[in-house]
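Q: Fold the following.
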Amino acid sequence: MRTLLPAGWAEPIGYANGIEVPAGRIVFVAGQVGWDASQQFASEDLAPQFDQALANVIAVLAEAGAGPQQVCRMTVYCCDKPAYLRSRERLGPIWRKHMGRHYPAMSMIFVSDLLDHPAKVELEATAVIPRP
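A: Numbering: from 1, shown residues only. Below is the predicted model:
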């Protein structure tokens, strides 16, 4: 996996502009919100929901034999921009707990609502497991 940064571009913070991945098995993960395995929300706060949603992504990846380092793209849907802005300092350590210093190509999209109430954030990810 190679991070793509065109010459002269500023280094992005917390994401990559693009990722190049050699062919392998592709794993798509979608619809991961901040609930636990029994579909219960422990908190209505964005940071704990992000923590759980990211843990859920990692659990689904593990089922395919992948880990956080194989994630090449992630999309974050958030329905509370003010809460996101207030939580930014708390989200970095949560990210590093699950993903280390691996930053895939990412998009943050603010939406009016999410299907699973009281979800504040929903994650989807694409991972590539290299061929042996």
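Q: Is residue 51 in a helix, a strand, or coil?
A: Applying DSSP: H, G, I helix; E, B strand; the rest coil to residue 51 yields a three-state assignment of helix.
Q: That one contacts residue 34, correct?
A: Yes: with contacts counted by C-beta atoms under 8 Å, residue 51 reaches residue 34, the gap being 7.4 Å. Backbone N, C-alpha and C define where each C-beta goes, glycine included.
Q: helices and strands of this structure: which one bottoms out on pLDDT?
A: strand 18-20 (a mean of 88; mean pLDDT, DSSP states H and E).
Q: That one pairs with which strands?
A: strand 2-4 (antiparallel) (DSSP bridges).
Q: The strand it pairs with: which residues count as buried?
A: Neighbour counts over strand 2-4 (16 or more other C-beta atoms under 10 Å) mark residue 3 as buried.
Q: ok, now stretch 74-93?
A: Applying 16+ other C-beta under 10 Å to stretch 74-93 flags 74, 76, 77, 78, 79, 80, 83, 84, 87, 91 as buried.
Q: From residue 15, how far off is the fifth one?
A: Which is residue 79. Distance, residue 79 to residue 15, by C-beta to C-beta, to the nearest Å: 20 Å.
Q: and what of the last one?
A: With distances taken as C-beta to C-beta, residue 91 is found 12 Å from residue 15.
Q: what does the fourth one give?
A: Look at residue 78 and residue 15: by C-beta to C-beta, they are 14 Å apart.
Q: where do the strands sit along this structure?
A: Along the chain, counting by DSSP state E, strands occupy 2-4, 18-20, 24-33, 71-78, 105-110, 121-130.
Q: Quick one, which of those gets closest to residue 59.
A: strand 24-33 (8.8 Å; C-beta to C-beta).
Q: so how far is that closest one from its chain's centroid?
A: 10 Å (C-alpha atoms, centre = their mean, to the nearest Å).
Q: How about stretch 51-65?
A: In terms of C-alpha atoms, centre = their mean, the centre of stretch 51-65 is found 10 Å from the chain centre.
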